[in-house]
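In: Starting from these lines, generate the structure:
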Amino acid sequence: MIVNGKSFNGISSGATLSLTHGVDFTDDPSTIQLTSITATNAGLHNCTTTGSPIHSIAGPTVNNIDPGTISPAVLAVCNGTGTTINSSIAATVDDAAPTYSWEVSQDMAFGSYSNYNTPFYNTPNLNTGNLVNNTNAPISYYFRRRATSIVNGVTCSQVTPIVSVLVNPTPTVDDPANLVRCNGESASVSFTSVFNVAGTSFSWTNDQPSIGLAASGTGNIASFTTTNNTNVPVVATITVTPSANSCDGLPETFTITVNPEPVMDPAVPTTKTINSYDAVAINFATAGSSVAAASYTLVSITPQVGLVAGMGNATIGTGQSASAIAADTWVNESGGPLTVTYVVKPVSADNCEGDAYNIVVTVNFLPVHNVTQNTYYQTIQAGIAAGNPRDVLEWAEWTFNERVVVDKPLTIQGVSKVNTIITGTGLAGTGSGMTLNNGVANVTIKDLTVQNLLKSGPNGSAGSYAVSGNDNLTIDNTIIKDNLGGSGFYANGPISNVLIDDNTVSGHTNVAGAAWGIVIWNGLKQNITITNNEVFGNNCCGIELQDGSATGVTITGNNVHDNADNGIGVVGLMGPGANTVSGNTVTGQRPLRHRDKEPERQWHEQRCGQHPGEQQHREPDSTDWCRGAGHRRYCSLQARCDCAKRGRAIRCVRQQQHRFWLHPAEYQ
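Out: Numbers count the residues shown, from 1 in each chain. This next block holds a predicted model:
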């Protein structure tokens with residue numbers, strides 16, 4: 001046998017003969033018996049012909065098959081996407097034109113594989129198409145290209161090295177829940193993925209940065225304070241996108257709604273002062289530019305010790321109305337002002353609470369204290385009405401705008417002579433400041449002021465007025481002033497055991513007639529002590545005991561000045577009690593004068609000429625009396641007397657009565 005120009009004879013049975021491409025067998029086939037011939041094509045491909053035995057071989061033709069190359073060796077894509085594998089082949093084909101096909105496997109060893117497309121005869125690059133990975137971990141697809149040729153019925157093929165395409169999974173994000181917040185509340189969002197692709201990260205965008213959240217960010221949304229300064233809800237749309245291995249998943253969207261909070265109207269008072277038993281009378285409201293409040297929350301109600309809540313007062317809690325505290329009343333039993341603090345929040349229909357709003361209500365104490373019973377009252381009259389005879393009522397440093405009637409024996413005392421005040425300012429009508437009813441005895445009034453009462457006349461009303469028979473009466477350390485149309489202190493007899501000490505009485509005018517400072521009128525006046533008082537600026541006289549008789553009178557240590565008429569005038573002094581008028585300072589008006597006259601003569605305090613048509617005649621002794629001042633006195637038939645020039649009544653005396661009058665020429 002000749003192989004490649006060489007003759008091979010005597011080849012033993014079972015021998016292996018290696019031939020190269022293009023070898024022809026020219027030897028006599030009858031001399032050769034071959035069980036197999038293996039031909040090698042330069043290492044490119046092995047084609048094998050087998051027979052038993054082979055006596056005649058035209059010879060296998062070994063094809064020159066070159067599968068070419070593909071690249072790159074490794075690629076990575078995302079689930080649902082593809083890639084291109086570049087390819088090339090050798091230009092020479094010796095025996096038969098090969099066909100090419102692509103094979104794909106998820107087994108790198110290609111234990112099993114599938115054709116990726118139909119055979120083709122050119123060398124385009126491979127578009128893999130969309131590769132699928134429905135798991136949560138990367139998977140690989142392996143690609144190779146196969147070249148195949150068929151010569152003399154023998155199929156020969158060759159494959160390229162593989163190309164690995166890594167397909168990464170699609171990351172996911174769980175759809176976040178929508179959030180609703182009120183202005184000023186905090187919000188945060190943690191993103192999760194049940195699919196749990198390793199290395200998943202998140203990025204997000206926000207279309208309403210005005211809510212207090214940035215326009216974009218990565219990772220979870222950290223806690224932030226929501227903001228809405230309008231009066232309508234603001235809705236932000238957040239879009240979050242998952243990413244892993246440079247692959248983006250499908251975005252999810254959710255919303256953050258920030259509702260406005262109601263704002264209290266600044267016109268709602270934050271402080272108010274009321275008296276005990278008065279209603280708080282404050283209604284809640286929201287500002288006009290604010291979202292409306294659907295209700296209010298009373299966060300707390302904090303009274304100071306000593307305040308007692310009224311029946312039906314508000315309690316803390318939600319769902320309160322705008323008038324929740326309007327009808328609240330408080331009773332202050334402390335003796336000094338106390339406060340109650342309400343903390344309220346407006347609540348919108350979206351259940352958003354506004355900021356806390358503090359309202360501090362000062363409750364004036366009950367200024368009338370029944371010391372005997374240890375009870376308190378808002379008004380003097382209420383305290384008197386509830387008191388028992390002989391109780392002690394103490395009035396606080398307070399201004400009482402009322403007229404008072406005393407109808408039982410009481411001790412009435414102020415805490416401060418200057419600051420415990422009964423005033424008539426603003427009161428309708430006329431009347432005395434304090435009236436002691438007829439026959440009410442054993443009353444003490446001390447350490448207070450009575451002022452600015454409008455009275456109907458000096459003989460029927462006064463700052464303090466004792467109707468009659470008010471025995472055992474003490475007026476001590478008081479101020480009685482500026483009570484128009486009446487006297488300062490006025491008492492009617494008969495009366496006994498009266499002490500008027502250390503008082504200041506002033507400013508009583510004649511808008512309704514001549515007004516006295518201190519006067520006790522009519523009947524028998526027994527044991528009357530008027531000491532250490534300052535009486536001034538009154539339209540009529542300073543201190544007088546008028547009409548009737550008096551015994552046991554002591555008028556000492558008084559400062560009487562600048563009154564319009566008598567400084568001190570006393571009528572009808574008699575025994576058996578001692579009568580003492582001494583040690584007084586009288587300036588700026590007619591001073592004190594005391595004069596005894598014939599027992600048979602009665603002197604009256606009324607002026608001459610008060611009754612039209614009365615006839616006048618001269619009495620010899622009266623001329624002598626007025627002579628010192630150069631005046632004449634005339635007495636009418638009704639024994640009314642007058643100093644003609646001065647126009648001042650001269651009093652007559654009869655039946656062992658005495659008279660005082662003021663006369664500058666005769667004062668000693």
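In: what residue ranges in this structure score low on pLDDT?
Out: Along the chain, segments meeting pLDDT under 70 span 1-65, 90-96, 117-123, 456-458, 512, 590-668.
In: quick one: the helices in it?
Out: 380-386, 620-627 (DSSP state H).
In: So I475 sits against I445, correct?
Out: Yes: if you go by CB atoms under 8 Å, I475 and I445 touch, sitting 5.3 Å apart. No exception for glycine: its C-beta is placed from N, CA and C like everyone else's.
In: can you list residues touching both of those two?
Out: Common contact partners of I475 and I445 (CB atoms under 8 Å, 6 or more residues apart in numbering): S464.
In: Pull out the buried residues from stretch 321-338.
Out: A322, A324, I325, D328, T329, W330, V331, N332, E333, G335, L338 (16 or more other CB atoms under 10 Å).
In: Contacts only, for the second one.
Out: Neighbouring residues of A324 by CB under 8 Å, 6+ apart: F284, Y296, L298, A314, V344.
In: Any idea what the residue nearest the centre of the chain is bridged to?
Out: Among the residues of the chain, the one closest to the centroid is Y357, at 0.7 Å (CA atoms, centre = their mean). Beta bridges link Y357 to V344, judged by DSSP bridges.
In: now T239
Out: Under the criterion used (DSSP bridges), T239 bridges to T205, T253.
In: My understanding was that it contacts W204; is that so?
Out: Yes: here T239 reaches W204: they are 6.3 Å apart, a contact under CB under 8 Å.
In: These two: which has the busier surroundings?
Out: Using other CB atoms under 10 Å as the criterion, T239 and W204 rank with W204 on top: 25 against 14.
In: Find the residue closest to the more buried one in space, skipping its chain neighbours.
Out: V240 (4.3 Å; CB to CB, 6 or more residues apart in numbering).
In: what's around the one you found, how many residues?
Out: If we define neighbours as other CB under 10 Å, then V240 has 23 of them.
In: Quick one: residues contacting it.
Out: V173, P176, F191, F202, S203, W204, P251, E252, T253, F254 are the contacts of V240 under CB under 8 Å, 6+ apart.
In: Quick check on those residues: which are buried?
Out: Buried, going by 16+ other CB under 10 Å: V173, P176, F191, F202, S203, W204, E252, F254, out of those.
In: Now render those as a markdown table, adding distance to S468.
Out: As requested, the buried ones among the contacts of V240 are exported to a markdown table (distance: CB to CB, whole Å):
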| residue | distance to S468 |
| --- | --- |
| V173 | 100 |
| P176 | 93 |
| F191 | 97 |
| F202 | 100 |
| S203 | 101 |
| W204 | 96 |
| E252 | 98 |
| F254 | 92 |
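In: any idea which of those is closest to N125?
Out: Of all the buried ones among the contacts of V240, S203 has the smallest distance to N125: 33.8 Å, by CB to CB.
In: which residues does that closest one contact?
Out: S216, G217, T218, V240, T241, S243.
In: how about those in a markdown table, adding distance to N459?
Out: Listed next are the contacts of S203 as a markdown table, based on distance: CB to CB, whole Å:
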| residue | distance to N459 |
| --- | --- |
| S216 | 95 |
| G217 | 93 |
| T218 | 98 |
| V240 | 97 |
| T241 | 102 |
| S243 | 106 |
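In: ok, back up a step: what is the most widely separated pair among the contacts of A324?
Out: Spanning the widest gap among those are F284 and A314, at 11.0 Å by CB to CB.
In: of those two, who's got more company?
Out: F284 (24 against 19).
In: and that one, what are its phi and psi?
Out: Dihedral angles of F284 (phi, psi; degrees, to the nearest 10) stand at phi -80, psi 150.
In: My read is that it contacts A322, right?
Out: Yes: here F284 reaches A322: they are 4.5 Å apart, a contact under CB under 8 Å.
In: Mutual contacts of those two, please.
Out: A293, Y296.
In: any idea which strand is longest in the protein?
Out: strand 139-151 (DSSP state E).
In: for S487, what are its contacts?
Out: Contacts of S487 by CB under 8 Å, 6+ apart are 458-459, 461-463, 508, 515-519, 538, 540.
In: bridging residues for it?
Out: A462.
In: so how far is T509 from it?
Out: 11 Å (CB to CB, to the nearest Å).
In: if I look at these two, which residues touch both of them?
Out: A515.
In: before we move on, back to that, spatially, which two of the buried ones among the contacts of V240 are the most separated?
Out: Using CB to CB, those span at most 14.6 Å, a distance reached by S203 and F254.
In: just to revisit the earlier point, farthest-apart pair in the contacts of V240, please.
Out: Farthest apart among these - using CB to CB - are S203 and F254, which lie 14.6 Å from each other.
In: looking at it, T329 is touching A279, isn't it?
Out: Yes: using CB under 8 Å, T329 is in contact with A279, at 5.7 Å.
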